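Novice: Following is a predicted model, sequence given first.
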Amino acid sequence: MSLKTIHPLALSRLLSDELYLIKDEISVKNNVPQRETAAPAKDENKPEPPSFVYLGENNKYFLILVDQPGETHMNKEDQADLEKILKAMGMELRDTAVMNLAAFPDTDFTQLKAFFACSRLVLFGVDPARLNLPAVPGNQISMHQGVKVLATFSFKEMQGDRNKKASFWNEMKKI
């Protein structure tokens, strides 16, 4: 049974609150008044923040960059080697974020730091200047904006070269 009335005395007893209609500012959806607001204007001069595809979960804010054109993340052999290195450090792949810089050629350090919130960065065969980083000595940890940076050999360069592997490992275990 529905209650329908237009009698003013009945309406005054049923509706005790005052109602106001402000034209073009309130719409009704599912019998609930809702204020309509205009969407904020986009700043057309402000670029969209980048979004990156990476391997791992970045649980320890440890970013690893490789440059392997044609690969989504990195080739399987290098990934297996990286997992062994991380295991020796007491870490897992999920503790890191591994990104292939070949897929994001115009990326710089500022974008990476903002996106990954990294405190450690390892560059496997990536020139620091490519990320607008200052020159850093090879296979030596340096600090840049609160981030430990290690620029080292690519996995391919270290294959079969014990001296390069040893030089890399001596620094990697400090990062």
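Specialist: Nice, I can see it. Residues are numbered from 1 along each chain as shown.

Novice: Name the helix or strand of the protein that has the lowest mean pLDDT.
Specialist: The weakest-scoring helix or strand in the chain, judged by mean pLDDT, DSSP states H and E, is strand 26-29 (a mean of 52).

Novice: Once you drop chain neighbours, what's closest to the one residue sitting closest to the centre of the chain?
Specialist: In the chain, the centroid-proximal residue (C-alpha atoms, centre = their mean) is Phe115; its distance is 3.6 Å. Leaving aside its sequence neighbours, Phe115 sits nearest to Phe52 (C-beta to C-beta, 6 or more residues apart in numbering; 5.9 Å). (Each C-beta comes from the backbone N, C-alpha and C, glycine too.)

Novice: swap in Lys165?
Specialist: Met158 (5.1 Å).

Novice: you'd agree the one you found is up against Trp169?
Specialist: No: Met158 is beyond contact range of Trp169, at 9.5 Å (criterion: C-beta atoms under 8 Å).

Novice: Of these two, give the one with the bigger neighbour count.
Specialist: Using other C-beta atoms under 10 Å as the criterion, Met158 and Trp169 rank with Met158 on top: 21 against 16.
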